[in-house]
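Peer 1: Sequence unavailable; structure follows:
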C-alpha cells in the first residue's frame, strides 16, 4: 500500500508509506489528492516521515496538493521531512511557498490557527 488516508474532523491526513516519492508513486498521489479535494476537503496534511527520497514528479504532486487547498480556501501542510527531502524543497525554494511543520501535531495546530 502506497498511502494511508485518514479523513478527520477538519482535515485529511495523507501518509506516504513508500521510501521514494518519485515517478512511480507521484501520479497515484496526485489522483488521490484530486479525489480528496473533490470530496470537499480543503485542509490536507501530507506526512512524508517514511519518505527518504523525492524527485521532481514528487515535488509536482506536492504543488498540486498546495494548489487544490488554496483554490478551496483551505490550508495544505507538509510534514515529516527528512534531510534529503527538506534540502530538495529548500533548493527548489518551495520552502517559501509551502507550510512546513516538523510533526503532524504541529500541522494540525497550524490548520486550527488559520481557522479555515
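Peer 2: Thanks, I have it. Owing to the predicted nature of the structure, the values given are computational and were not obtained by experimental measurement.

Peer 1: from here on, contacts and neighbour counts on C-alpha atoms
Peer 2: OK.

Peer 1: So which residues make contact with the lengthiest helix in the chain?
Peer 2: Determined from DSSP state H, the single longest helix within the chain is helix 56-71. With contacts defined as C-alpha atoms under 8 Å, 6 or more residues apart in numbering, helix 56-71 is touched by 21-23, 25-27, 29-30, 33-34, 37, 42-44, 75-77, 89, 98.

Peer 1: Is it possible to mark the buried ones in these?
Peer 2: Neighbour-count burial (16 or more other C-alpha atoms under 10 Å) applied to those gives 21-22, 25-27, 29-30, 33, 37, 42-44, 75-77, 89, 98.

Peer 1: Tell me which of those residues fall in helices.
Peer 2: Using DSSP H, the buried ones among the contacts of helix 56-71 in helices are 26-27, 29-30, 33, 37, 89.

Peer 1: For the most centrally placed residue in the chain, give me the pLDDT.
Peer 2: By C-alpha atoms, centre = their mean, the chain has its centre lying nearest to residue 46, at 2.8 Å. According to the prediction, residue 46 has pLDDT 98.
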